[in-house]
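**Q** Starting from these lines, generate the structure:
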Amino acid sequence: MGAVLAFPEPRGAAAVRRGMVWVEGGAFGMGADRRRSGGRPGQQVSVAGFWIDLHPVTNREYARFVDETGWLTFAEIADDHLPPALMLPPQIGVAGSFVFGGPEGQPVDGWRYVPGASWRSPEGTGSTLAGLWDHPVVHVAWLDVQAYALWVGKDLPTEAEWEFAAHGGLDGAELAWGDGLGPCGRARANTWQDQLPRARPTTGRDGRTTPVGVYPANGYGLRDMIGNVWEWTKDWWPDAGRRNSRALTRCDPELADAGIPRKVLKGGSHLCGPDHCRCCRPAARRAHPIDISTSHVGFRCVVRQPPKGD
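**A** Residues are numbered from 1 along each chain as shown. I've put the predicted structure just below:
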């Protein structure tokens, strides 16, 4: 976006796959007949084997990419300098991103467009990554995650690959870890535990992200497939971009009917709870505009064919 990518020397297979898990692939029941949280009708699909990151890309990992390439993320560029095909609502003219909740210590008040908010300043101008280096990177738009994946020699997962991995071998179970939200009340993911939108949660980081790996791994050893942050996938949301993008009239990243190209998100976030979006299901999905970044969306990468040589 803001720089010509400088690619490192080609990495060997072992280097690219460091911090990844091999998922053998196979057939599984994708989706669900329940239509809540964007679920699609169930269908049998097959995926080939692939490597997938153990956890979402962290601030520490993304900082290495930015340091080596000089990449300037979407949230760090003012609207009037953006390519015309990637448009924010016309009333937004300054660089920034969407943050959920009021300022620290104040009541939750929904989504706010915060000037200066970006991956390196997640709460807006003056905020830093102190204490957040091992949290998932957020405030990254579609071009930002594509650029990282290209730089590191990987790709974004398809929706089918992501969902297969999230099941952890439990094909047929509604939730990622079986049939219950958590044994003996123990939380299995960083999700919102109270009622939205006004109450603060009773667990987790006060309605924010947690470090990757805090919660138990699934059957494939993968962390944070559910909760913490929604994750970008390669797949376009059906009918993406068929309506005029300037039809978007209010600043709401959760607006499902925005007439701009959208990608499928998977996994739910720290803002999802079992009472309203059932994000603990691997089948849960959401449409997200490619030109909007938020405080609850991140990503992880895959490698479909091991690179030649070690």
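**Q** check contacts around Trp230.
**A** Going by Cβ atoms under 8 Å, 6 or more residues apart in numbering, Trp230 touches 265-269, 286, 288, 296-298. C-beta coordinates here come from the backbone N, C-alpha and C atoms, glycine included.
**Q** and the end-to-end length of stretch 14-25?
**A** Taking Cα to Cα, to the nearest Å, stretch 14-25 runs 20 Å from one end to the other.
**Q** Doesn't Phe164 belong to a strand?
**A** No: counting by DSSP: H, G, I helix; E, B strand; the rest coil, Phe164 is not found in a strand; it is helix.
**Q** give me the number of residues near the residue lying closest to it once chain neighbours are set aside?
**A** Closest residue to Phe164 apart from its sequence neighbours, by Cβ to Cβ, 6 or more residues apart in numbering: Val47 at 5.1 Å. By other Cβ atoms under 10 Å, the residues close to Val47 number 21.
**Q** Next: the one 4 residues further on.
**A** Each residue near Trp51 was counted by other Cβ under 10 Å, and the total is 19.
**Q** How is it classified with respect to secondary structure?
**A** Secondary structure, three-state DSSP: Trp51 is strand.
**Q** okay but Thr128 is in contact with Ser121, surely?
**A** Yes: assessed by Cβ atoms under 8 Å, Thr128 is found in contact with Ser121 at 6.7 Å.
**Q** which of these two has more neighbours?
**A** Neighbour count, other Cβ under 10 Å: between Thr128 and Ser121, Ser121 has more, with 19 against 10.
**Q** Could I get the pLDDT score of that one?
**A** Looking at Ser121, its pLDDT is 97.
**Q** Distance check, it against Ala95.
**A** To Ala95, Ser121 is 10 Å away according to Cβ to Cβ, to the nearest Å.
**Q** re earlier: could the contacts of Trp230 be laid out in JSON lines, adding neighbour count, secondary structure and distance to Ala27?
**A** Listed next are the contacts of Trp230 as JSON lines, based on neighbours: other Cβ atoms under 10 Å; DSSP: H, G, I helix; E, B strand; the rest coil; distance: Cβ to Cβ, whole Å:
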{"residue": "Leu265", "neighbour count": "26", "secondary structure": "strand", "distance to Ala27": "24"}
{"residue": "Lys266", "neighbour count": "25", "secondary structure": "strand", "distance to Ala27": "19"}
{"residue": "Gly267", "neighbour count": "30", "secondary structure": "coil", "distance to Ala27": "22"}
{"residue": "Gly268", "neighbour count": "32", "secondary structure": "coil", "distance to Ala27": "24"}
{"residue": "Ser269", "neighbour count": "29", "secondary structure": "coil", "distance to Ala27": "29"}
{"residue": "Arg286", "neighbour count": "22", "secondary structure": "strand", "distance to Ala27": "25"}
{"residue": "His288", "neighbour count": "24", "secondary structure": "strand", "distance to Ala27": "28"}
{"residue": "His296", "neighbour count": "25", "secondary structure": "coil", "distance to Ala27": "32"}
{"residue": "Val297", "neighbour count": "29", "secondary structure": "strand", "distance to Ala27": "29"}
{"residue": "Gly298", "neighbour count": "31", "secondary structure": "strand", "distance to Ala27": "28"}
